[in-house]
Every structure is written in C-alpha cells, then in structure tokens.
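S.K.: Curious how this folds, go ahead:
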Amino acid sequence: MYSKDGQDYFVVDSHIHFWDGTPANQANRYGEGFLNCFYDYHRNLSPEDRVWSLEHFQRQTEEQVMHDLFEEGYVDKAIFQPTYLTDFFVNGFNTTEQDGALAERHPGRFIVNGSWDPRDGEAGLGRLEQLAERWNLQGVKLYTAEWKGDSKGWKLSDPWSYRYLERCQQLGIRNIHVHKGPTIYPLNRDAFDVADVDDVASAFPQLRFIVEHCGLPRLEDFCWIATQEPNVYGGLAVAMPFIHSRPRYFAQVLGELLYWIGADRITFASDYAIWTPKWLIERFVDFQIPEDMQSEYGVLTPEIKKKILGLNAARLYDLDVPAGLRLPSATEPDEAIGSEPAPVAPVAP
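M.R.: Below you'll find the predicted structure:
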C-alpha cells in the first residue's frame, strides 16, 4: 500500500519477472543481445540514482526481489508474467516454474501466470493443462514475436492459437496478457503488431486481452481496436518510466488511453526488473496532466490513480481488496472488484 496526502492506494504490480540473464544462461549472441537491449531501456529511462550495474541487472536474488517489490516498493500483490525464450537462454529466461518456486516460498504475495506457444501443437495443450493444474492459473502471458527454430513469430489469429484460447476458456483462464510493445533485439517488429488482437477479442468475448505496453509504438492502432472491444485492456509496462524521462509524452500516452478506453481498463506495471515500482508509484501519484493539455485530456484524480495502480487488476484477478482501500462508492465487495466495465465510447472532439 502507498499513502500520500490522506489517500491510500492498493497496489498491484501486474507485470513482473524473475529472470536469469546471466552469461552462463545465455545460449548464444541473441540471448546476450536480448538482455543488453533490456538493460539499455533500464539505463536510458531510469533516474540516475536507480540505475543498476549490468551484473546486478542480469539476475536478482530472491531477497532483492522481495525488498524491491514489497519492502520498499509499496506492492500489495505482484503478477508474474513468464517469458521463456528457450532459443536464446539455456534454461529459459523467465519461466513459470522459476516464478512459481519463488511464489511458493512467499504465500500470498504473488500470482503465477503461465504461457503457451501455438507452435507446440497438441503436446503444448497438454502442457498448458499441467501448468493450469499445478499453479491454479488465472492468466497467461503470450509472446508472439518469440523465435522457435526457423519460425520468427506467430499471430493470435493463427488456427492453433484459436485452439489454445479455446482451451484457456475451458480451463477458466480468462486473463490473456499479450506482449505488444517496442521491438527488442533480435525480435522482429512486425511480430508485435496489435492487429491480431482485434480478431481474437471479437471471437472470445469471455476472455480479457491485456495488451502489455499498450501497443507502443502503435498506440493509435491499439486505441482504435480497444474502444470497439470492451474486453481489451491496456497495460502500462514500458510506458510508465517515461513519467521521468519524457513526462509530456507520458501524459499524452495516458491521456489517449483515458480518452479512448477509460480509467477502468488501464493497469499499472513496473516491468520489474527493468524498473522498480517505488519511484514509479511515487511519481505517478504526484503526476498531473500538464495544464496546457488538460482541455484535451482532463485531469488525473485520486480515483483514477487508484483504479490504475491496483483496483483494475484486482478486479481482473478477483483479489480481496481491504475495505479501507476500495473506492468510497464501492459499498459492496462485488462492486469493489466488480464485473466487467461497460464499453467506453470516445467523446466527439
């Protein structure tokens, strides 16, 4: 929980990792390049006093994770989003198994999400069922640009992807987190395109598609899709650190999301360990849309910030939010974590 100026904020960090990017786990130059690309994001977008050494960035200890998230970082609940990348890393970069082992040692702190790849065919469906049973999955993280052998990506609209989404529905896995963001070396830019989200969001209205990184740099495409699809959400991972390096750009990104899809469908994420939540949360609570942009984007109220920082993700994952941290209008538990928000139509200019 974070408190400031008489306001208390329930915090869900909805996109975190427990990775192994050490040289010993890098299978080839692509693994090294992938890790170094992450580090460039960390180094260039963080405040100077929050920049780690490359060695520290490559792998964090369990104690460091717990300190950064829960002791220093104000986080009430954190959601692991795995990224396997087994073509680049010997034991995988950030697997469900790695995440789950840490989560088991700290009950009540983490939500463990799984992952799947439609190129694994029938065998992968069985593996998904095993993960769902083992970790009681409520969500999965999908990486459409991941390389596998000769393949350099896939689409949500692929026939085998439909098979996996159908199985998610059968297993009660409703939260489908999809990486649709900036290009990461050596992955292909086109494989992160957001267009396939439109297809599956219409085909699977009972699933929620949380588009991580809100489609950047394809924000406009994402917004036009999400405003038509009430089960599409925008995750702020990668967008958040611009609050430091380019605050007006951050105001524009957030303002566009609020205009098109509203405050109920935006989720906070630090993208740990690329960034740590403490400074992001502090700056977000203090942040306001610049005055000369408010006629177009409005202002950020404590209610909007509370929804983004934790209440929206709590609703998606059926988390029990303490009564004192719910919004004043939410008098009943179901209203606090609620049903799906109504679609938001953009206001005519």
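
S.K.: residue boundaries of the helices in the stretch 151-300 of the chain?
M.R.: Secondary structure of the stretch 151-300 of the chain (DSSP state H, counting those that start in this stretch): helices located at 159-171, 195-203, 219-226, 242-245, 247-260, 277-286, 294-297.

S.K.: Quick one: closest of those to Glu104.
M.R.: Closest to Glu104 of these is helix 159-171 (C-beta to C-beta; 20.5 Å). All C-beta spots, glycine's among them, are computed from the backbone N, C-alpha and C.

S.K.: And the helices of the stretch 151-300 of the chain: which comes nearest Trp52?
M.R.: It is, among the helices of the stretch 151-300 of the chain and with distance given as C-beta to C-beta, helix 277-286, at 13.0 Å.

S.K.: Around the residue nearest to Ser202 when sequence neighbours are not counted, how many other residues sit close by?
M.R.: Spatial nearest neighbour of Ser202, excluding adjacent residues (C-beta to C-beta, 6 or more residues apart in numbering): Glu229 at 6.5 Å. For Glu229, the tally of surrounding residues (other C-beta atoms under 10 Å) stands at 17.

S.K.: who wins for proximity to Gly324 among the helices of the stretch 151-300 of the chain?
M.R.: Nearest to Gly324, of all these, is helix 277-286, at 17.0 Å by C-beta to C-beta.

S.K.: measure Arg109 to Ile184 for me?
M.R.: The gap separating Arg109 from Ile184 is 27 Å, by C-beta to C-beta, to the nearest Å.

S.K.: of these two, who's got more company?
M.R.: Per other C-beta under 10 Å, whichever of Arg109 and Ile184 has more neighbours is Ile184, with 20 against 16.

S.K.: Find the nearest non-adjacent residue to the more buried one, please.
M.R.: Nearest residue to Ile184, sequence neighbours excluded (C-beta to C-beta, 6+ apart): Cys37, at 5.1 Å.

S.K.: Would you map the strands across the stretch 101-250 of the chain?
M.R.: Secondary structure of the stretch 101-250 of the chain, counting by DSSP state E, counting those that start in this stretch: strands at 110-112, 139-142, 175-179, 208-212, 232-235.

S.K.: what residue ranges in this structure score low on pLDDT?
M.R.: 329-349 (pLDDT under 70).

S.K.: how close does Leu327 sit to Glu296?
M.R.: According to C-beta to C-beta, Leu327 and Glu296 sit 25 Å apart.

S.K.: Leu131 too?
M.R.: Distance of Leu131 to Glu296, given as C-beta to C-beta: 44 Å.

S.K.: Among those two, which residue is more densely surrounded?
M.R.: Taking neighbours as other C-beta under 10 Å, Leu131 and Glu296 compare with Leu131 leading, 23 against 13.

S.K.: Go ahead and confirm the more buried one touches Tyr84.
M.R.: No. Judged on C-beta atoms under 8 Å, Leu131 makes no contact with Tyr84 at a distance of 11.6 Å.

S.K.: who touches both of the two?
M.R.: Common neighbours of Leu131 and Tyr84 (criterion: C-beta atoms under 8 Å, 6 or more residues apart in numbering): Ser115.

S.K.: number of nearby residues for the closest residue to Gly255 other than its chain neighbours?
M.R.: Nearest non-adjacent residue to Gly255, counting by C-beta to C-beta, 6+ apart: Tyr297, 3.0 Å away. Tyr297 is flanked by 17 other residues according to other C-beta under 10 Å.

S.K.: quick one, what contacts Tyr297?
M.R.: Contacts of Tyr297 by C-beta under 8 Å, 6+ apart are Ala251, Gln252, Leu254, Gly255, Glu256, Leu258, Tyr259, Ile289.

S.K.: how near is the second one to Tyr259?
M.R.: Same thing as Gln252. From Gln252 to Tyr259 the distance is 10 Å (C-beta to C-beta).

S.K.: for the last one, same thing?
M.R.: From Ile289 over to Tyr259 the distance is 11 Å, taken as C-beta to C-beta.

S.K.: which one of these two has more residues nearby?
M.R.: It is Ile289, of Ile289 and Tyr259, that has more neighbours when counted by other C-beta under 10 Å, with 21 against 17.

S.K.: who's in contact with Gln294?
M.R.: Shown in contact with Gln294 (C-beta under 8 Å, 6+ apart): no residues.

S.K.: Can you give me the buried ones in stretch 1-14?
M.R.: By neighbour count with 16 or more other C-beta atoms under 10 Å, stretch 1-14 contains the buried residues Tyr2, Tyr9, Phe10, Val11, Val12, Asp13, Ser14.

S.K.: what about that stretch, how long is it end to end?
M.R.: 14 Å (C-alpha to C-alpha, to the nearest Å).

S.K.: what sits up against that stretch?
M.R.: Stretch 1-14 is contacted from outside by 69, 73-79, 210, 235, 237, 267-270, 272, 277, 281-282, 285-286, 302, 305-306, 309-311, 313-314, 317, 319, 321-322, 324-326, using C-beta under 8 Å, 6+ apart.
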